[in-house]
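1. Pasting the sequence and the predicted model now:
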Amino acid sequence: MTLPPGARLTAAGETVVVAGSAVDLARRAAAFLDARISTAIIRNGQAVLALSGGSTPEMTYRCLAGYRPDAASLALLQVDERLVSAGDPRSNGAMIRRAWGGRVPLLPMIPAENPLPAPGRLAAAYAHTLDRVAPARCLGVPVVDLCILGLGEDGHTASLFPGSPALAERSRWVVPVAGPAAPAGGSPQVPRLTLTLPVLDAARCLVFLVQGGAKAGVVRQVLQGKDDLLPAARLVRRARRAVWFLDTAAAVGLSL
Ligand code: 6PG
């Protein structure tokens with residue numbers, strides 16, 4: 001994997017880029033994503049991205065939209081979505097559309113239907129979307145080119161929270177889940193849909209975007225700890241195709 005400028009390796013071999021600010025993180029991550037998108041389009045005719053929600057990625061998506069104004073040859077999927085209406089400020093899809101100025105052909109987990117179908121039906125429908133949009137397979141699992149992920153203070157990623165039964169899911173690609181049991185660093189306690197570990201694990205490249213001193217402890221646990229119980233740790237231990245973009249506050253105490 002071509003490493004982004006300034007990348008360093010942890011003792012465990014994880015690739016980390018430490019940015020000086022939120023804007024620097026977004027610019028560096030967007031430049032890396034743009035390069036990987038170009039490679040995927042040259043090789044496969046399209047780039048399939050799976051985008052997380054939360055707050056951190058918005059600036060990166062805005063920067064990336066600057067590289068890809070018409071989102072041509074991009075298939076944009078969601079990593080996870082809160083089970084709220086499309087207009088709800090907690091909607092990840094609303095954030096992604098806002099970041100791309102509404103020009104992006106996002107394939108939303110939550111359709112603009114009212115009333116919403118049952119979560120199980122939404123999950124099954126999105127699995128069909130994934131099947132159609134991401135034709136490449138790894139052990140029968142759809143392969144996305146780039147999966148953009150965040151990290152919660154409790155070690156969650158996507159909407160895979162510590163102790164969730166969804167962490168054991170090995171056959172379904174999309175599942176409904178409850179929200180975090182306790183307020184997890186601002187991640188709303190609402191039910192969600194999420195891609196499962198097999199799909200995240202099959203991605204050609206995982207790109208974590210993490211900022212803020214409140215995340216420094218969990219970043220160290222995931223990147224340097226022996227704790228495989230944290231959802232993000234379970235993912236990176238298996239994948240070895242992750243690039244972490246951290247700001248200096250989130251990288252405090254990391255041995256690089
Ligand atoms: C969600 C997100 C979630 C997020 C982390 C980090 O829907 O809640 O997908 O996994 O990535 O909670 O969120 P911040 O970037 O806002 O810290």
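-> That came through fine.

2. any weak-confidence spans in the stretch 51-200 of the chain?
-> For the stretch 51-200 of the chain, applying pLDDT under 70 flags the ranges 183-185.

3. burial count for the closest residue to the ligand within the chain?
-> Residue nearest to the ligand within the chain: residue 150 (2.3 Å; C-beta to the nearest ligand atom). C-beta: built from backbone N, CA, C; applies to glycine. Neighbours of residue 150 under the rule other C-beta atoms under 10 Å: 23.

4. got it, and residue 228?
-> Residue 228 - counted by other C-beta under 10 Å - has 13 other residues nearby.

5. follow-up on the earlier one: can you pull the contacts of the residue of the chain closest to the ligand?
-> Counting by C-beta atoms under 8 Å, 6 or more residues apart in numbering, residue 150 touches 52-54, 56-57, 157, 208-210.

6. Nearest residue to it in space, please, no chain neighbours.
-> Leaving out its chain neighbours, the residue that sits closest to residue 150 by C-beta to C-beta, 6 or more residues apart in numbering is residue 54, at 4.4 Å.

7. hang on, the earlier thing: and the contacts of residue 150, which of them are in strands?
-> When DSSP state E defines the strands, the subset of the contacts of residue 150 inside them is 208-210.

8. Sort out which one of those residues lies nearest residue 197 for me.
-> Nearest to residue 197 out of the ones in strands among the contacts of residue 150 is residue 208 (C-beta to C-beta; 14.9 Å).

9. give me every residue that touches the nearest residue to residue 11 once chain neighbours are set aside.
-> Of all residues not flanking residue 11 in the chain, residue 255 sits nearest, at 6.2 Å (C-beta to C-beta, 6+ apart). If a contact means C-beta under 8 Å, 6+ apart, then residue 255 has 10-11, 224 as its contacts.

10. how close does residue 45 get to residue 27?
-> 27 Å (C-beta to C-beta, to the nearest Å).

11. more crowded one of those two?
-> Neighbour count, other C-beta under 10 Å: between residue 45 and residue 27, residue 27 has more, with 18 against 8.
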